[in-house]
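Chemist: Generate coordinates for the sequence data below:
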Amino acid sequence: MTHRRALSAGTALAAGLLLLSGCTDDPVTLAYHDSAVPAGSFRLVAFNSCDDALGKLKEAAKQYVGPWGFGGYPVPEARAAAGAPGAPGAAADSATNGKAMPPTTGGTPDYSGTNTHEVGVDEPDLVKTDGRRILTINRGVLRVVDTASRRMVGAVDLRTSADDPVQWGELDLLLQGDRALVLVPGTMYGYRGDMPDVVGRMGQPAPTDPRKVSGARILSIDLSGGTPSLAGSYTMDGQLLDARQSGSIVRVVMRSGPRLMFPYVQDRTDAQRLAANKAIIDAAGPDEWLPRYEITNGDTTTRGRVDCAAIARPETYSGTAMVSVLTFDLGRSILSNGDPVTVVADGDIVYSNGSSLYLANDQRWRVVAMTDGVKAPVIAEKTELYKFDTGGTGRPRYVASGAVDGHLINQYAMSEWDSNLRVATTVGNQMSTVYVLRQQGKELTLAGKVSGLGKNERIYAVRFVGPIGYVVTFRQTDPLYTVDLHNPAAPKVLGELKIPGYSAYLHPVGDDRLIGVGQEATDQGRVQGTQVSLFDVSDLTKPDRIAQFHLQYGHSEAEFDPHAFLYWPATGLLVVPVNVYSGRQPDGGALVLKVTANGITQLGTISHPWLTNPDEKLPGQIRRSLVVGSTLWTVSGSGLKANDLTTLDDIAWIPWR
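Modeler: Numbering: from 1, shown residues only. Next up, the predicted model:
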């Protein structure tokens, strides 16, 4: 979902987040605690009216816009909008991938699910299975394969035209029973269409129909007839950030910006360009500013717009981004309007354990603000955290907010355990800290922290397993830290292991083993290719690497997207996709390893052919792997392959022709 949101923090454009269901005169005040977090408070309130919402959004955006539009260097007033220096602006983790999923019907074989952060909380990915069938999407075509006969039993082309971006985007799937969702990323910003004679600052011609809702899409797929068919669609202005599924309930997080075109005109000064951009902002109406949506179920299409009176704002914001949390029920045959919850903010990372959903907003737009090529006053890196109650089936309910210094590398840097939120951050690639936050009323307050991890380094991987945290930092060597979080008020580092290279993803194996996937490196920090490490963490004061597999010149998608990682505990099978850059062209395949209590051995590799269709070349780079019964399946851009789980002998090849 890049999209591959699993490890991407992205570039933040705005700050602050709160859910309020409507206008209110009773603002919520949240205070920061602890000297490590900027002192002060910020007020989170709803707008008083639609006119009030639009007016304040425009004023904030005009302070942030520059001669080249949003995302460039802001004008001097942006410093005031950003705030002066110092102004604030459950169960233990384990991956479902490592467990056999329960059968959905009698006789369904054991199968591996998507490798996810939390048990019972599914995450979107390019392939899904329920044991009876495999669904995967490639180049805009959804295909269904029967796992028993090993044949493709249906396909649906989701492209609406020859140039539909669906065929190029990184699409993801969610599955429940006979209903699937296809998630189409979209883009953050759209453009006004009232200037057909002007080419935009990124070279895009203005769209011919500015009234058309265009952006992220959610496509509902009906599987009940044996073959897939498109049952409905939901389109919202903006970009898909992420989604989580618990049972049949799906929470989709969208991010949107104003749909404005800032033209590039020759022979203008920066002051003239800035004045023209502000005039464009002033002229924009609600349809250019507020997220719109369009729903199609069968032959019926309805349109709507997020209610401006239900949008909340903090005291400090840029006005250039909003986040909407939508709710859909895969148990229903039609798509609803998503009952959007919208806030003036730019979310970066989503984490959920089912009952709670957290959004992290790192506010780097404030840190890097510049004016006329001169850096603005230094503002400490800070990530704001917002907690929503998602334990029910209805609209998420905002419950608390808090903040920590630094930025998060990905969703694995957050974990809720025993009602406390653990967060691992790095400040300026110089030092890392693990925080424990406790909810008190509407606040996420600091219960405890431990700092000083990886001085002059940054975090490369985090994994929380119950009351224990594992943190990897790297610059030249790889310290693996073990952190005791039993006492939230006094977390402490128990042990440290320094070895060359680093792990970019950590996966728990039982109570005393940890698998790491990353890069081997020289003593000077120069990477040397994919490495898989097995750590003994039975003694947390003395973590030890007891086995290592190194593939020279290799790189694995599992290093930055854990969905590409497969561990099957029944046999100790470990599969990761790899690219080996030994020549001009990379050789890609799947590396198959066996992990025992004390070692790692290579069982073999699996490869797919590259195929050439009349109008395209289909890459054979393997992206995913999954287990169904006694069969290992691998997925690439050219097809789906079945191999014997024990011998790795080829069984079937299903090409995407």
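Chemist: got any ranges where the stretch 151-300 of the chain has weak pLDDT?
Modeler: For the stretch 151-300 of the chain, residues meeting the criterion pLDDT under 70 lie at 188-211.
Chemist: What are the boundaries of the strands in it?
Modeler: Applying DSSP state E, counting those that start in this stretch to the stretch 151-300 of the chain gives strands spanning 151-157, 172-176, 179-184, 215-222, 229-237, 239-246, 249-256, 292-297, 300-305.
Chemist: gap between the fifth one and the chain center?
Modeler: Same thing as strand 229-237. Put simply, strand 229-237 sits 21 Å off its chain's centre (CA atoms, centre = their mean, to the nearest Å).
Chemist: Tell me the strands beside that strand, with direction?
Modeler: Note on strand 229-237: by DSSP bridges, its sheet partners are strand 215-222 (antiparallel), strand 292-297 (antiparallel).
Chemist: CA atoms only: put the last one into PDB for me.
Modeler: Once non-C-alpha atoms are left out, strand 292-297 reads as follows in PDB (Å, rounded to 0.1, in the frame of the first residue of the first chain):
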ATOM      1  CA  ARG A 292     -15.100  14.200  -1.800                       C
ATOM      2  CA  TYR A 293     -16.200  10.600  -2.400                       C
ATOM      3  CA  GLU A 294     -18.200   8.700  -5.000                       C
ATOM      4  CA  ILE A 295     -19.800   5.300  -4.400                       C
ATOM      5  CA  THR A 296     -21.000   2.900  -7.100                       C
ATOM      6  CA  ASN A 297     -22.900  -0.200  -6.200                       C
END
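Chemist: Any buried residues in it, and which?
Modeler: 292, 293, 294, 295, 296, 297 (16 or more other CB atoms under 10 Å). To be clear about C-beta, it is placed using only N, CA and C from the backbone, and glycine gets the same treatment.
Chemist: Which one of the residues you listed is nearest to residue 565?
Modeler: residue 293 (34.4 Å; CB to CB).
Chemist: Tell me if I'm right that the closest one and residue 235 touch.
Modeler: Yes. Here residue 293 reaches residue 235: they are 6.5 Å apart, a contact under CB atoms under 8 Å.
Chemist: helix/strand/coil for the nearest residue to residue 568 once chain neighbours are set aside?
Modeler: Closest residue to residue 568 apart from its sequence neighbours, by CB to CB, 6 or more residues apart in numbering: residue 627 at 5.0 Å. At residue 627 the chain is in strand, as set by DSSP: H, G, I helix; E, B strand; the rest coil.
Chemist: Determine which of the strands paired with strand 229-237 approaches residue 623 most closely.
Modeler: Comparing the strands paired with strand 229-237 against residue 623 with CB to CB, the closest turns out to be strand 215-222 (20.1 Å).
Chemist: Return the distance of the closest one from the chain's centre.
Modeler: Mean-position distance between strand 215-222 and its chain equals 18 Å (CA atoms, centre = their mean).
Chemist: Give me the residues contacting it.
Modeler: 142, 156, 158, 166, 178-187, 190, 228-240, 252, 254, 256, 297, 326, 328, 333-335 (CB atoms under 8 Å, 6 or more residues apart in numbering).
Chemist: Ok, stretch 549-557 next?
Modeler: Applying CB under 8 Å, 6+ apart, the set of residues contacting stretch 549-557 is 517, 519-520, 528-532, 564, 576-582, 591, 593, 600-602, 623.
Chemist: how about that stretch: buried residues?
Modeler: 549, 551, 553, 554, 555, 556, 557.
Chemist: Would you mind measuring from the fifth one to residue 476?
Modeler: I take that to be residue 555. Going from residue 555 to residue 476 by CB to CB, to the nearest Å gives 19 Å.
Chemist: can you check the third one too?
Modeler: Distance, residue 553 to residue 476, using CB to CB: 20 Å.
Chemist: cool, and the last one?
Modeler: Here residue 557 is placed at a distance of 25 Å from residue 476 (CB to CB).
Chemist: buried ones in stretch 116-133?
Modeler: Residues of stretch 116-133 classed as buried: 116-119, 121-133 (neighbour count, 16+ other CB under 10 Å).
Chemist: That stretch: how far from the chain's middle?
Modeler: Centre-to-centre, stretch 116-133 and its host chain are 15 Å apart (CA atoms, centre = their mean).
Chemist: what's the straight distance from one end of it to the other?
Modeler: 20 Å (CA to CA, to the nearest Å).
Chemist: Check stretch 599-616 too.
Modeler: Counting by CA to CA, the terminal residues of stretch 599-616 are separated by 42 Å.
Chemist: And for stretch 306-321?
Modeler: One end of stretch 306-321 sits 14 Å from the other (CA to CA).
Chemist: so for it, what's the average pLDDT?
Modeler: Mean pLDDT, stretch 306-321: 73.
Chemist: and which of the buried residues of stretch 549-557 is nearest residue 302?
Modeler: Here the nearest of these to residue 302, counting by CB to CB, is residue 557; it sits at 38.9 Å.
Chemist: if I look at the closest one, how far off is residue 167?
Modeler: 21 Å.
Chemist: Tell me who's in contact with the spatially closest residue to residue 543 that is not a sequence neighbour.
Modeler: Nearest residue to residue 543, sequence neighbours excluded (CB to CB, 6+ apart): residue 497, at 4.4 Å. By CB under 8 Å, 6+ apart, the residues touching residue 497 are 479, 480, 535, 543, 544, 545.
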